[in-house]
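> A predicted structure for the sequence below; I have some questions about it.
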Amino acid sequence: MAALGVVCLLLGAVSWQSAWGSGEEFWPGQSAADILSGAASRRRYLLYDVNPPEGFNLRRDVYIRIASLLKTLLKTEEWVLVLPPWGRLYHWQSPDIHQSPEGPSSTRCTSCRAMRKAGRRGPGKRRSTTGPAWTRCCIRRTSTSTTGSASVIAPVLLRNTSARSVMLDRAENLLHDHYGGKEYWDTRRSMVFARHLRAVGDEFRSKYLNSTDEADRIPYEEDWTKMKVRLGSSLGGPYLGVHLRRKDFIWGHREDVPSLGGAVRRIRSLMESHGLCRVFVATDAVRTEYEELKKLLPEMVRFEPTWEELELYKDGGVAIIDQWICSHARFFIGTSVSTFSFRIHEEREILGLDPKTTYNRFCGDQEKVCEQPTHWKIAY
């Protein structure tokens with residue numbers, strides 16, 4: 001069943017209406033030619049944000065949904081997608097590390113009001129209802145209750161408002177138009193990790209895991225449009241990749257998440273069955289849990305940045321390095337319903353690793369058998 005969500009539209013700055021209507025506004029980095037070009041067109045801007053507690057990896061998925069919406073809008077009008085800034089996310093908890101760049105200060109307006117949840121009109125039908133607009137601070141706002149895929153809101157943006165700039169306040173409530181289709185995978189493949197973070201991960205693989213792209217038979221192209229690898233043709237490095245989610249998952253998903261002892265038993269079983277003597281672990285375990293895990297599994301390795309590296313890469317960069325290393329493993333096992341694990345699944349699919357070595361997850365201690373992740377085959 002499609003989720004029922006509330007999306008708030010923030011429509012145009014009222015106090016700036018005359019400038020916005022004239023097309024003469026200036027943005028940093030624009031040339032005079034850009035301004036004239038903008039004045040001659042009816043270019044519109046789509047902004048979005050996600051519920052603040054949501055993490056980095058869900059936000060990456062929301063971007064794909066909004067990109068699909070933009071493609072729908074571009075069939076009718078000229079739109080530009082404006083990406084949201086990265087704030088200090090809940091999962092980025094390293095103390096005394098400034099997690100996001102400084103930017104110009106601005107007046108903060110109150111959050112959007114949520115409309116009363118609208119009921120569904122029937123099985124399989126989608127609904128979008130727009131409430132009355134109201135003014136607060138400098139922004140006119142409209143609450144829209146919607147169920148269904150991202151494109152269901154396109155008629156609202158095209159016909160119900162003529163604002164130059166529109167913001168979707170809770171974009172995670174919009175679902176994928178065609179999850180797992182070619183359009184989805186084209187957008188996902190275009191989301192390439194920064195080269196310097198990949199280089200750090202590659203150096204770690206070579207130094208501690210005896211893993212290189214050549215030895216692992218993993219081809220890589222800097223141009224993502226040329227990365228079309230046959231599934232199962234890549235071998236992967238001679239190590240087991242593990243994503244072991246802890247913290248809030250211990251109580252939020254207690255039936256799906258194993259104890260440390262249960263996780264280690266599963267890890268050792270996989271290492272034995274696949275003939276692997278090295279294991280890389282990506283985990284958000286607190287220090288005491290990590291020390292216990294290290295005692296139970298002394299052969300494990302983990303990417304532990306120096307203070308200088310942490311200041312440079314920040315928690316988000318370290319998470320990307322972890323994902324990159326897990327993505328190159330001979331065999332990977334992740335955590336149930338974790339978007340961190342989901343993104344590793346996708347990366348391994350792009351790199352051409354055998355799906356049987358990718359779509360695996362830990363079972364809870366009380367589960368004799370548990371459902372494994374669904375394989376979403378890459379489409380070109």
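Arrived safely. Numbers count the residues shown, from 1 in each chain.
> What residues of the lengthiest helix in the chain count as buried?
Secondary structure assigned by DSSP state H gives helix 307-327 as the longest helix of the chain. For helix 307-327, the neighbour count (16 or more other C-beta atoms under 10 Å) marks 310, 313-327 as buried. Using the backbone N, CA and C atoms, a C-beta is placed for each residue, glycine as well.
> did I read that right, Y45 in a strand?
Yes - counting by DSSP: H, G, I helix; E, B strand; the rest coil, Y45 is located in a strand.
> The stretch 51-200 of the chain: helices as residue ranges?
56-74, 154-159, 182-190, 195-208 (DSSP state H, counting those that start in this stretch).
> what's in contact with the first one?
Here helix 56-74 makes contact (C-beta atoms under 8 Å, 6 or more residues apart in numbering) with 46, 48, 50, 79, 81, 83-84, 86, 89, 91-92, 149-151, 153-154, 157-158, 168, 171-172, 174-178, 183-184, 187-188, 191, 316, 319, 339-340, 342-343.
> Which of these fall in strands?
Residues of the contacts of helix 56-74 located in strands (DSSP state E): L46, Y48, W79, L81, L168.
> Could you check the pLDDT of the nearest residue to the third one once chain neighbours are set aside?
Okay, so that is W79. Sequence neighbours aside, L73 is the residue nearest to W79 in space, at 4.6 Å (criterion: C-beta to C-beta, 6 or more residues apart in numbering). Here, the pLDDT recorded for L73 equals 96.
> For stretch 282-292, what is the distance to the chain centroid?
Distance, stretch centre to chain centre, for stretch 282-292: 23 Å (C-alpha atoms, centre = their mean, to the nearest Å).
> What distance separates the opening and closing residues of that stretch?
This stretch, stretch 282-292, spans 15 Å end to end (C-alpha to C-alpha, to the nearest Å).
> Give me the distance between the closest residue to F332 other than its chain neighbours and L231.
Ranked by C-beta to C-beta, 6+ apart and with sequence neighbours excluded, the top spatial neighbour of F332 is G241, at 4.2 Å. According to C-beta to C-beta, to the nearest Å, G241 and L231 sit 18 Å apart.
> Same question for M191.
Separation of M191 from L231 (C-beta to C-beta): 19 Å.
> Now do the buried residues in stretch 77-89.
Within stretch 77-89, the residues scored as buried using 16+ other C-beta under 10 Å are W79, L81, P84, L89.
> any weak-confidence spans in the chain?
The chain contains residues with pLDDT under 70 at 1-41, 95-147.
> can you list the domains in it?
Segmentation of the chain into domains, based on automatic domain parsing, reads 4-177, 194-357.
> now these as CSV including distance to I378?
Shown next, in CSV, are the domains of the chain (distance: least, C-beta to C-beta, whole Å):
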stretch, distance to I378
domain 4-177, 14
domain 194-357, 5
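> okay, those domains, which one's buried deepest?
Highest mean neighbour count among these (mean count of other C-beta atoms under 10 Å): domain 194-357, with a mean of 17.
> Any idea how far apart the tips of that domain sit?
25 Å.
> Test my guess that T339 contacts V50.
No - the pair T339 / V50 is not scored as a contact, 11.9 Å apart, by C-beta atoms under 8 Å.
> Which residue would you name as the spatial centre of the chain?
R60 (2.2 Å; C-alpha atoms, centre = their mean).
> I'd like the distance between that one and D177.
Per C-beta to C-beta, R60 is found 17 Å from D177.
> again, but for D213
Per C-beta to C-beta, D213 is found 34 Å from D177.
> and if you look at G364?
The spacing between G364 and D177, counted by C-beta to C-beta, is 33 Å.
> can you check A282 too?
31 Å.
> Check I350 too.
With C-beta to C-beta as the criterion, I350 and D177 are 20 Å apart.
> Then E346?
Counting by C-beta to C-beta, the gap from E346 to D177 is 17 Å.
> do G262 as well
Taking C-beta to C-beta, one finds G262 at 39 Å from D177.
> Next: F249.
Distance from F249 to D177, counting by C-beta to C-beta: 29 Å.
> go on, T161?
Separation of T161 from D177 (C-beta to C-beta): 21 Å.
> now swap in R159 and tell me
Per C-beta to C-beta, R159 is found 19 Å from D177.
> Ok, L260 next?
L260 is 40 Å from D177, where distance means C-beta to C-beta.
> Kindly report the same for G261.
43 Å.
> Can you lay out the ones in strands among the contacts of helix 56-74 as TSV showing distance to K377?
Listed next are the ones in strands among the contacts of helix 56-74 as TSV, based on distance: C-beta to C-beta, whole Å:
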residue	distance to K377
L46	30
Y48	28
W79	31
L81	27
L168	30
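> what's the closest of those residues to V200?
Proximity of these to V200 was ranked by C-beta to C-beta; the top entry is L81 with 29.1 Å.
> Name the nearest residue to the closest one, sequence neighbours excluded.
Closest residue to L81 apart from its sequence neighbours, by C-beta to C-beta, 6+ apart: L70 at 4.9 Å.
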